[in-house]
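Asks: quick check, what structure comes out for this input:
(chains A and B)
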2 protein chains.
Amino acid sequence: MIEKPLQLGLAGLGTVGTGVYETLFRNHELLEARAKIPYAVKKVAVRDVERVREVDIDPALLTNDWRELVDDSEIDIIIELIGGTTDAYQLVSSALAAGKPVVTGNKALLAEYGSELFRLSAEKGVPLYFEASCGGGIPIIQSLQNSLICNNVESIAGIINGTSNYILSSMEKKGMSFEEALERAKAKGFAEADPSLDINGWDAAHKALILAMLAYGTPIAPSRISVYGIERVTPTDFRFAHQLGYTIKLLVVIKHHEDTDALELRVQPSFVPRSHLLANVNGVFNAIAVKGDIVGETIFYGRGAGKNPTASAVIGDIVLAMRDRRHPDFHTGFHPYTKTLEIMPQEDTVTPYYVRFLVPSRRSGVIATIATALARHNISISSTSSTAHEEDEAAENTHNDLVFSLHACSWGSLKAALKEIVQSDCVAPHPAVFRIETFNS
Amino acid sequence: MIEKPLQLGLAGLGTVGTGVYETLFRNHELLEARAKIPYAVKKVAVRDVERVREVDIDPALLTNDWRELVDDSEIDIIIELIGGTTDAYQLVSSALAAGKPVVTGNKALLAEYGSELFRLSAEKGVPLYFEASCGGGIPIIQSLQNSLICNNVESIAGIINGTSNYILSSMEKKGMSFEEALERAKAKGFAEADPSLDINGWDAAHKALILAMLAYGTPIAPSRISVYGIERVTPTDFRFAHQLGYTIKLLVVIKHHEDTDALELRVQPSFVPRSHLLANVNGVFNAIAVKGDIVGETIFYGRGAGKNPTASAVIGDIVLAMRDRRHPDFHTGFHPYTKTLEIMPQEDTVTPYYVRFLVPSRRSGVIATIATALARHNISISSTSSTAHEEDEAAENTHNDLVFSLHACSWGSLKAALKEIVQSDCVAPHPAVFRIETFNS
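Replies: Next comes the predicted model:
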């Protein structure tokens, strides 16, 4: 047991910060016994030191200036939980520059400034820990950095936004519309007042960027990721998905193509085979499937957000940081960046597809027109069906649903075919298009 | 980058040893770049140095005496993959005594001698790494030791024997008998010539002991775990399980009871709700659900055995060992033993139950007799049904199946009730009894 306690500086006492502070105290004895390193919280930076808090904290610890944490020479490790990207960027970069290791759970920060901060961390030899930035309490970052270290990662596929998964689960289990399911999520506290980043896919995209940067050691500009949200998923698509043996999940897909050494990188609602474990991840839970060349397929499942699960990840990182602090000549795990990979143009990515067209009833020759256009682009049809078997409001309208399952083709050729089909005027504009994930390669 | 390569001594060149050796070479560049520590394999101990091997290895590295690895002052880390418990025990204990960290995947060794070896490791301050001893490539040990370090583990439930899970999956999906499914597993190479330890539950029990010792920091004698295998699971039970919304899995259950500070510890085929992720773990895959007081529920899934998945875990440990070797004043993660927990008597453990009696057709008063006996022991019935709906050979016999779903009760009271029921002679001896796992507490 090393005698002098390591001094922690905590910035941010919001939901997660409170969970971290409480757990550092509640499980203090357990943690010191296991980590074999004593610690103390030296200072806590908050926006308003006067505010009444649910957590019992010595007012003498509080400061409203996070710079004090960096400037305090006795503070060994900084924990950044203030969120946002402005102050957080200043805090993290100045702490690293000052030689203080940083633990952060800030996914927006790392998605936007990750390339820069990881480079700074490497240059200064000062570690940056970020388990809590992805998948809440799921130990995906440490597993990639340590346990799975000998693996070339072939692919990562994951459900990493709890709000959207809760909404999709409600739509699936209760037949709700997207709007109804969103209201339900808000009522249950699983969607924020402004849930835009959750439902438009960008929260998942931030986490995907972090996972991809880590697994492949490459910097990636956020603009290079293809992102679609769940706003346009309908109960009709869920019914067809079920008929075909699938469910719909907001999926992050990261795949390394060995032949071109390029990365496929996308976030979108996708058809997932019902027999796959990811199809059975419901509610606010997250799951991340990692395929490595040595380990094969692994899946990590757990609570992807929330006060305590995220605090668990932060504290796992704090303990690592404390250990590494005692031996400052190495980092935990591997860090970006060892190389720069190309990001595949979306048009070149290949999957099977589900396409649902809205077609005026009794219009003849529609299937022929569609099939001809698909054939012209060398896209072959796996199956077709029309109007879901279940009673459907749409059936009383003058339009029918016409669904095509397509064998694997590039998004570029499908996009071109769809453009021709829509221009032929035999279907309504904006067909519903979902990738079908096969998890085979 | 530290200049002098760390020297590894590998004992055993069977399936996993070969996978480790190959991966240390194939992904050498990747590993050194990530770990930032150079390494070399100095010696490899095998039983027969003359044997022709599938792996390309310099004969000068080979020795048929594992003692040479311990005696070689230049060897920094020992990797024990010889299996068995006799030589392996000598090797691991002498290496630890000599101050050499050990990486092992030997579950039988740790189940039998774990208490002693962990104590030796702690006394000598020489770490013992054992990720590969449980769950193959699944990073469950490092996650418990590191990422989840702030958690009091409330429970662990897992499918950690691939052979038995493959057999049960075949029975479920293909309606096979146990014997047919076992033959199929052998034909596919998923069961060894002598699969006793896999099907009688003891392989899973070894791993359960390791998980329990680690999660609770307590020594446990192997005799204290209750173990039932899958030999008596029948297609009839699968049919009833399906009707009731369950499947059957060989489940390891470890649960801490806070009120008595005692551990519940058992391995047995159990009813698992089909909606739970563990019910959807099929074939040779393993999955381990860990509930922590901070993180909530997490699940780790992957290949629980095999050359490469196990090698992945071994190499994750080797890298940790190399890092720790540079800083010998701390261990990775926490080690047993911090305290000694009581193991709950099986009779005191409480779950709902499924019981299937074989009853002579047209015998009257049987339900009354059974219900009366159950009531006498304060066991309440949740539902009853007779003979599976599907066409059933048993239906042509003179016996019917009579199934009771029981609300949670202690095994002690159910055992007493069953004894009375069987003695009353209204049912055949040896009713089928399965616990129903609820995953609620």
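
Asks: now stretch A:342-349 - C-alpha only, PDB.
Replies: In PDB, the C-alpha atoms belonging to stretch A:342-349 read as follows (Å, rounded to 0.1, in the frame of the first residue of the first chain):
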ATOM      1  CA  GLU A 342      -9.300   6.000 -45.800                       C
ATOM      2  CA  ILE A 343     -13.000   6.100 -45.100                       C
ATOM      3  CA  MET A 344     -15.000   4.300 -47.800                       C
ATOM      4  CA  PRO A 345     -17.400   6.400 -49.800                       C
ATOM      5  CA  GLN A 346     -20.900   5.400 -48.700                       C
ATOM      6  CA  GLU A 347     -21.700   4.700 -52.400                       C
ATOM      7  CA  ASP A 348     -19.200   1.800 -52.300                       C
ATOM      8  CA  THR A 349     -20.500   0.000 -49.200                       C
END
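
Asks: pLDDT (mean, whole number) over that stretch?
Replies: The pLDDT scores in stretch A:342-349 average 95.

Asks: any buried residues in that stretch, and which?
Replies: By neighbour count with 16 or more other CB atoms under 10 Å in any protein chain shown, stretch A:342-349 contains the buried residues A:343-344, A:346, A:349. To be clear about C-beta, it is placed using only N, CA and C from the backbone, and glycine gets the same treatment.

Asks: filter those residues down to the ones in strands?
Replies: residue A:343 (DSSP state E).

Asks: and the contacts of the host helix or strand of residue A:19?
Replies: According to DSSP states H and E, residue A:19 maps onto helix A:15-26. With contact meaning CB atoms under 8 Å, 6 or more residues apart in numbering or on different chains, helix A:15-26 is reached by A:8, A:10-11, A:13, A:31, A:39, A:41, A:44, A:53-55, A:57, A:79, A:81-82, A:105, A:132, A:306-308, A:310-312, A:314-315, A:318, B:150, B:294.

Asks: rewinding a little: of the buried residues of stretch A:342-349, which is the nearest to chain B?
Replies: Nearest to chain B among the buried residues of stretch A:342-349 is residue A:343, at 21.1 Å by CB to the nearest CB.

Asks: residue contacts, the closest one?
Replies: For residue A:343, the contact set (CB under 8 Å, 6+ apart) comprises A:220, A:224-225, A:262-263, A:265.

Asks: just residue A:226 next, same as before
Replies: A:265-268, A:346.

Asks: what about 7 Å?
Replies: For residue A:226, the contact set (CB atoms under 7 Å, 6 or more residues apart in numbering or on different chains) comprises A:266, A:346.

Asks: and the stretch 151-300 of chain A, which residues reach chain B?
Replies: Contacts of the stretch 151-300 of chain A with chain B, taken as CB under 7 Å from any CB of the partner chain, map to A:151-152, A:277, A:280, A:292, A:294-300.

Asks: could you list the low-confidence segments of the stretch 101-250 of chain A?
Replies: Regions of the stretch 101-250 of chain A meeting the criterion pLDDT under 70 are absent.

Asks: please export the C-alpha coordinates of stretch A:226-244 as PDB.
Replies: Presented in PDB, the C-alpha positions along stretch A:226-244 are these (Å, rounded to 0.1, in the frame of the first residue of the first chain):
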ATOM      1  CA  SER A 226     -22.700   8.600 -42.800                       C
ATOM      2  CA  VAL A 227     -25.500   9.200 -40.300                       C
ATOM      3  CA  TYR A 228     -29.200   8.500 -40.500                       C
ATOM      4  CA  GLY A 229     -31.600   8.700 -37.600                       C
ATOM      5  CA  ILE A 230     -34.800   6.800 -36.600                       C
ATOM      6  CA  GLU A 231     -37.300   9.600 -37.400                       C
ATOM      7  CA  ARG A 232     -38.600   7.900 -40.500                       C
ATOM      8  CA  VAL A 233     -39.000   4.400 -39.200                       C
ATOM      9  CA  THR A 234     -42.700   3.400 -39.300                       C
ATOM     10  CA  PRO A 235     -44.800   0.600 -37.800                       C
ATOM     11  CA  THR A 236     -45.300  -0.700 -41.300                       C
ATOM     12  CA  ASP A 237     -41.600  -1.300 -41.700                       C
ATOM     13  CA  PHE A 238     -41.600  -3.100 -38.400                       C
ATOM     14  CA  ARG A 239     -44.400  -5.400 -39.700                       C
ATOM     15  CA  PHE A 240     -42.500  -6.200 -42.800                       C
ATOM     16  CA  ALA A 241     -39.300  -6.700 -40.900                       C
ATOM     17  CA  HIS A 242     -41.000  -9.300 -38.700                       C
ATOM     18  CA  GLN A 243     -42.500 -11.100 -41.700                       C
ATOM     19  CA  LEU A 244     -39.000 -11.300 -43.100                       C
END
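
Asks: so which bits of that stretch are buried?
Replies: For stretch A:226-244, burial by neighbour count (16+ other CB under 10 Å) applies to A:226-230, A:233-242, A:244.

Asks: what of stretch A:255-274?
Replies: Per 16+ other CB under 10 Å, stretch A:255-274 contains these buried residues: A:255-257, A:262-272.

Asks: look up phi and psi at the residue nearest the centre of chain A.
Replies: Taking CA atoms, centre = their mean, the centroid of chain A lies closest to residue A:204, which sits 3.2 Å from it. The phi/psi pair for residue A:204 (degrees, to the nearest 10) reads phi -60, psi -40.

Asks: that one and chain B, how far apart?
Replies: Separation of residue A:204 from chain B (CB to the nearest CB, to the nearest Å): 19 Å.

Asks: nearest residue to that residue other than its sequence neighbours?
Replies: In this structure, residue A:204 finds its nearest non-sequential neighbour in residue A:161, 4.3 Å apart by CB to CB, 6 or more residues apart in numbering or on different chains.

Asks: got it, and residue A:229?
Replies: That would be residue A:200: by CB to CB, 6+ apart, it lies 3.7 Å from residue A:229.

Asks: okay, now the one you found: neighbour count?
Replies: Residue A:200: 17 surrounding residues under other CB atoms under 10 Å in any protein chain shown.

Asks: ok, it to residue B:112 distance?
Replies: 55 Å (CB to CB, to the nearest Å).

Asks: go on, residue A:302?
Replies: 32 Å.

Asks: which one's more surrounded, those two?
Replies: Legend: neighbour count by other CB under 10 Å for residue A:302 and residue B:112, higher for residue A:302 (27 against 18).

Asks: against which helices or strands is the helix or strand where residue A:356 lies packed?
Replies: In this structure, residue A:356 sits in strand A:350-360 according to DSSP H and E. With contacts defined as 3 or more CB pairs under 7 Å, 6 or more residues apart in numbering or on different chains; DSSP states H and E, strand A:350-360 has these neighbours: strand A:399-410, strand A:432-436.

Asks: quick one: strands adjacent to it?
Replies: strand A:399-410 (antiparallel), strand A:432-436 (antiparallel) (DSSP bridges).

Asks: can I get the shortest one in PDB, CA atoms only?
Replies: Taking Å, rounded to 0.1, in the frame of the first residue of the first chain, the C-alpha atoms of strand A:432-436 are listed here in PDB:
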ATOM      1  CA  ALA A 432     -38.300   3.500 -47.200                       C
ATOM      2  CA  VAL A 433     -34.800   2.000 -47.500                       C
ATOM      3  CA  PHE A 434     -33.100  -0.100 -44.900                       C
ATOM      4  CA  ARG A 435     -29.900  -2.000 -45.000                       C
ATOM      5  CA  ILE A 436     -30.100  -5.600 -44.000                       C
END
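
Asks: list the contacts of the residue nearest to residue A:137 when sequence neighbours are not counted.
Replies: Leaving out its chain neighbours, the residue that sits closest to residue A:137 by CB to CB, 6+ apart is residue A:309, at 3.2 Å. With contact taken as CB under 7 Å, 6+ apart, residue A:309 is in contact with A:136-137, A:302-303, B:295-296.

Asks: among the residues you listed, which are in strands?
Replies: Per DSSP E, these map to strands at A:302-303, B:296.

Asks: what would those look like in a markdown table with distance to residue A:208?
Replies: Listed next are the ones in strands among the contacts of residue A:309 as a markdown table, based on distance: CB to CB, whole Å:
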| residue | distance to residue A:208 |
| --- | --- |
| A:302 | 17 |
| A:303 | 19 |
| B:296 | 23 |
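
Asks: alright, that wraps it up for me.
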